[in-house]
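Peer 1: what follows is a protein structure lacking sequence information:
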């Protein structure tokens, strides 16, 4: 009977606060539903959703099992080291660089301004977070959610607000997955019928030499401006150089397939597991989700409105379809796809995808650069 009583005592059903764990398990199941049934970013939401369930199986803390993600010596704690120390995000950026074609940006360089304009969401959210009582460093980490760039959000949170890592990471990846839901209403609200029908000139063919030179010049230029972004932008441009050089095809293929897939699995599962109910279910987490949503909307609006502003100075025939401004956030290539889908609702044979990829890849560079600026400001002694 003593053995039976002890067994029952240590089951998950008997742990204090188990209802909180059940709430988080329901959240994990919802993420799996979005990924599997709705096909919203399954490569991200399946690992994160299962990780949330994994991290919220209740167990007795005094049993000395060393299985929790925050327990020193546990397997999950070792895997989480890549998140907490900002190791996984640069590796993700290496793979992104190896998969990215900067031709759309190089063929129309002024589109980089749309990627920069979309970063307004980061800085406005920073101010909003400070108004809600978050410290400046915490507010800076929360603001990056507006860039719709999960790896960058994790990287800056690991440096500035590790205690908010779980909430920031889950919010960032949630809004990346919900791009097809959040962006279209903002795009339709801020553009006119006439603007949605604007046809842009075909992109010019970019010579191979330009594609090779760009990652080198881009890396030097951006990191001289924001040295704090060096780990992210260094790996992004290095991955792109592997792709465009034409002499390291094996390395580019590995970075863009096997490596990024392995790191995505580890990052997704451990980020999900870090949302243990006792650490995650707090008023702060709710504030972070609300601020993240507002930041994402503002970033989308910033890109669209700046495109409309640019059109004031462009001649007829050279004008920009303002819809592509929504792609200025870093959700590559989902934002560009949404622009294409919304544009074709009004002009079925108007193909905006390649044009939208310009501000989309610029947004990746912009959010990482903004993160570097914030790190330099808040970590400087």
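Peer 2: Received, thanks. What you see is a predicted model, and the numbers here were worked out from it, not measured in a lab. Residues are numbered from 1 along each chain as shown.
Peer 1: the nearest residue to residue 287 once chain neighbours are set aside: neighbour count?
Peer 2: In space, and not counting its chain neighbours, residue 287 is closest to residue 132: 5.5 Å by C-beta to C-beta, 6 or more residues apart in numbering. Placement of C-beta: from N, CA and C, glycine included. By the criterion of other C-beta atoms under 10 Å, residue 132 has 15 neighbours.
Peer 1: can you give me phi and psi for residue 132?
Peer 2: phi -90, psi 0 (degrees, to the nearest 10).
Peer 1: give me every residue that touches the closest residue to residue 307 other than its chain neighbours.
Peer 2: Closest residue to residue 307 apart from its sequence neighbours, by C-beta to C-beta, 6+ apart: residue 325 at 3.6 Å. Neighbouring residues of residue 325 by C-beta atoms under 8 Å, 6 or more residues apart in numbering: 114, 117-118, 302-308, 359.
Peer 1: one more time with 6 Å, if that's ok
Peer 2: When contacts are counted by C-beta atoms under 6 Å, 6 or more residues apart in numbering, residue 325 touches 114, 303-304, 307.
Peer 1: specify the local secondary structure of it.
Peer 2: Classification of residue 325 by DSSP: H, G, I helix; E, B strand; the rest coil places it in helix.
Peer 1: gap between it and residue 358?
Peer 2: Using C-beta to C-beta, to the nearest Å, residue 325 is found at 11 Å from residue 358.
Peer 1: where does pLDDT dip in this protein?
Peer 2: Applying pLDDT under 70 to the chain picks out residues 6-10, 12, 14, 61-63, 380-381.
Peer 1: distance check, the most centrally placed residue in it against residue 191.
Peer 2: Geometric centre of the chain, nearest residue: residue 149, 2.1 Å, by C-alpha atoms, centre = their mean. Per C-beta to C-beta, residue 149 is found 24 Å from residue 191.
Peer 1: what helix or strand is residue 350 located in?
Peer 2: If you go by DSSP states H and E, residue 350 is not part of any helix or strand.
Peer 1: thought it was touching residue 343?
Peer 2: Yes: contact criterion C-beta atoms under 6 Å: residue 350 and residue 343 qualify, at 5.4 Å.
Peer 1: mind checking which of those two has more residues around it?
Peer 2: Taking other C-beta under 10 Å, residue 350 and residue 343 do not tie; residue 343 has more neighbours (24 against 17).
Peer 1: what helix or strand does the more buried one sit in?
Peer 2: helix 334-346.
Peer 1: now do residue 318
Peer 2: For residue 318, there is no host helix or strand (DSSP H and E).
Peer 1: that one: how many residues sit nearby?
Peer 2: Counted with other C-beta under 10 Å, residues neighbouring residue 318 total 13.
Peer 1: one more: residue 224?
Peer 2: Neighbours of residue 224 (other C-beta under 10 Å): 8.
Peer 1: compute the first-to-last residue distance for stretch 112-127.
Peer 2: 25 Å (C-alpha to C-alpha, to the nearest Å).
Peer 1: got the contact list for that stretch?
Peer 2: Residues from elsewhere that reach stretch 112-127 (C-beta under 6 Å, 6+ apart): 139-140, 143-144, 146-147, 291, 295, 298-299, 302-303, 306-307, 325, 328-329, 359, 362-363, 366, 370.
Peer 1: restricted to helices, list the residues you listed.
Peer 2: 139-140, 143, 291, 295, 298-299, 302-303, 306-307, 359, 362-363, 366, 370 (DSSP state H).
Peer 1: max pairwise distance over those residues: which two?
Peer 2: Across those, no pair lies farther apart than 139 and 307, at 27.9 Å, counting by C-beta to C-beta.
Peer 1: more neighbours: which of these two?
Peer 2: residue 307 (29 against 23).
Peer 1: could you identify the helix or strand that succeeds the helix or strand where residue 215 lies?
Peer 2: Assessed by DSSP H and E, residue 215 sits inside helix 208-225. Moving toward the C-terminus from helix 208-225, the next helix or strand (DSSP H and E) is helix 230-245.
Peer 1: okay, the angle between that following helix and helix 208-225?
Peer 2: Interaxial angle of helix 230-245 relative to helix 208-225 (axes from the mean of the first three to the mean of the last three C-alpha atoms, to 10 degrees): 170 degrees.
Peer 1: pull the residues that contact helix 230-245.
Peer 2: With C-beta under 6 Å, 6+ apart as the criterion, helix 230-245 contacts 90, 93-94, 97-98, 100, 211-212, 215, 218-219, 222-223, 248, 251-252, 255, 368.
Peer 1: helices or strands up against the next helix or strand after it?
Peer 2: Per DSSP H and E, the first helix or strand lying C-terminal to helix 230-245 is helix 249-254. Applying 3 or more C-beta pairs under 6 Å, 6 or more residues apart in numbering; DSSP states H and E, we find helix 249-254 packed against helix 230-245.
Peer 1: give the buried residues for the helix it packs on.
Peer 2: Within helix 230-245, the residues that count as buried by 16 or more other C-beta atoms under 10 Å are 230-244.
Peer 1: now swap in stretch 367-376 and tell me
Peer 2: Neighbour-count burial for stretch 367-376, counted by 16+ other C-beta under 10 Å, picks out 367-375.
Peer 1: got it, and stretch 298-308?
Peer 2: Within stretch 298-308, the residues that qualify as buried by neighbour count (16+ other C-beta under 10 Å) are 298-308.
Peer 1: that stretch: how far from the chain's middle?
Peer 2: Distance, stretch centre to chain centre, for stretch 298-308: 18 Å (C-alpha atoms, centre = their mean, to the nearest Å).
Peer 1: tell me the two of the buried residues of stretch 367-376 that are most distant?
Peer 2: Maximum pairwise distance in these, criterion C-beta to C-beta, is 12.6 Å, between 367 and 375.
Peer 1: list the contacts of the helix holding residue 215.
Peer 2: Outside helix 208-225, the residues touching it (C-beta under 6 Å, 6+ apart) are 102, 106, 230, 233, 237, 240-241, 244-245, 369.
Peer 1: and what of stretch 354-374?
Peer 2: For stretch 354-374, the external contacting residues (C-beta under 6 Å, 6+ apart) are 100, 102, 104-105, 108, 111-112, 114-116, 118-119, 122, 140, 144, 147, 149, 152, 156, 200, 203, 222, 226, 228-229, 232-233, 324, 327-330, 332, 335-336, 339.
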